[in-house]
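Enquirer: Model the following, please.
(one chain, ligands or ions: 2)
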Amino acid sequence: MELAPTGKLAHSQKRLYFLKARDLKDAPLWEYHVHTSYTDGQCTVGEVVSFAQEQGITRLVFTEHTEPEHANTKGWFGQYLGDIERERRLVGNRIDILAGLEVPVTDLSGGLHITREMERQAQFILGAVHRYPGIGARRVGDLSREEALELEYRCLMSLAQNPRVDSIAHIGGTFSQYWGTFPHELSAEVIAVAARNGVAIEINSQYHRPMETYIRMCLDCDAYITLGSNAHRLREVGLCASLLRDGSQVLYKE
Ligand SMILES: [Zn+2]
Ligand SMILES: [Zn+2]
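Expert: Numbering: from 1, shown residues only. Ligands and ions are numbered 1, 2, ... in the order given. All right, here's what the predicted structure looks like:
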């Protein structure tokens, strides 16, 4: 398996390696999208790590939400880092654990919802489109399909060109909650731009069905990918990688 570093990204330079889509047939059990009880997940960092070990997961990247409305306690970020550091010491080199963040866009010109301190300490930035910028008090569901399509696309394109972002979460996910599948030709455009900029694409087992469609788009552009389950419960940790481990037998059949 060929693994390549993302290279230019400051927070990734340490030891973060992504897969290429062509490596998936031998994919390791890696999980790059997990929430804990510090925000809207159900389990603690320690519980997730124990479960991940039982499942044979060899890399676990926590990606807590940065939006303050998701935080259950003030000042959680330092405790989160502390928990992860403690688990890292306990498990040794049996599992590679990283402290990441899922960070939404705040505008169309590179703005991210993250504090300077968080950005300095996070080892992985999963850029996301959650609430669309510039819509004032309106909710995403109040927009027309065309407005939402345009905003989702422009937000994703801003992530694809953002050197502060390691990987783009659930392409088309926010749009799809209201208007069905985000058009594949637009996803393909975003993936092509991200691939040129060395920004990885998350294959997300919750939002991307079938995942093979997105993997093929990544293959076409030779994009880096990360596998994310958007796990909020223990049983979801590692789901994306294990589904693909089975599915890849079909995808790569000679
Ligand atoms: Zn998200
Ligand atoms: Zn998430």
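Enquirer: can we go C-alpha only for contacts and neighbour counts from here?
Expert: OK.
Enquirer: For the stretch 1-150 of the chain, which segments count as strands?
Expert: 4-5, 17-20, 30-34, 59-65, 96-104, 124-128 (DSSP state E, counting those that start in this stretch).
Enquirer: Nearest to residue 219, out of those strands?
Expert: Evaluated with CA to CA, those place strand 17-20 nearest to residue 219, the distance being 7.7 Å.
Enquirer: Got the phi and psi for residue 199?
Expert: phi -90, psi 130 (degrees, to the nearest 10).
Enquirer: Neighbours of it, how many?
Expert: A count of nearby residues for residue 199, using other CA atoms under 10 Å, gives 29.
Enquirer: Return the residues in contact with the closest residue to residue 47 other than its chain neighbours.
Expert: Distance criterion CA to CA, 6 or more residues apart in numbering; nearest residue to residue 47, sequence neighbours excluded, is residue 234 at 7.9 Å. Residues in contact with residue 234 (CA atoms under 8 Å, 6 or more residues apart in numbering) are 42, 43, 47, 48, 51.
Enquirer: pLDDT score assigned to residue 240?
Expert: As predicted, residue 240 sits at a pLDDT of 93.
Enquirer: So it sits against residue 227, correct?
Expert: Yes. Shown here, residue 240 and residue 227 form a contact pair, counting by CA atoms under 8 Å, at 6.1 Å.
Enquirer: what touches both of those two?
Expert: 31, 203, 204.
Enquirer: Can I take it that the second one is in a helix?
Expert: Which is residue 203. No. Checked against DSSP: H, G, I helix; E, B strand; the rest coil, residue 203 lies outside a helix; its state is strand.
Enquirer: what sits against it?
Expert: Counting by CA under 8 Å, 6+ apart, residue 203 touches 169, 170, 211, 214, 215, 225, 226, 227, 228, 240.
Enquirer: quick one: the helices in this structure?
Expert: 45-55, 76-91, 116-121, 145-160, 173-179, 184-197, 211-221, 239-251 (DSSP state H).
Enquirer: tell me the average confidence for the first one?
Expert: Read that as helix 45-55. Helix 45-55 comes out at a mean pLDDT of 97.
Enquirer: what does the third one give?
Expert: Mean pLDDT, helix 116-121: 94.
Enquirer: So what pairs up with the nearest residue to residue 97 once chain neighbours are set aside in the strands?
Expert: Of all residues not flanking residue 97 in the chain, residue 60 sits nearest, at 4.9 Å (CA to CA, 6+ apart). Beta-bridge partners recorded for residue 60 (DSSP bridges): residue 31, residue 97.
Enquirer: Can you give me the distance of residue 60 to residue 110?
Expert: According to CA to CA, to the nearest Å, residue 60 and residue 110 sit 27 Å apart.
Enquirer: Now do the contacts for residue 229.
Expert: Here residue 229 is in contact with 31, 32, 33, 34, 204, 205, 206, 236, 237, 238, 239, 240 (CA under 8 Å, 6+ apart).
Enquirer: swap the cut-off to 7 Å and go again
Expert: Counting by CA atoms under 7 Å, 6 or more residues apart in numbering, residue 229 touches 31, 33, 204, 205, 206, 236, 237, 238, 239, 240.
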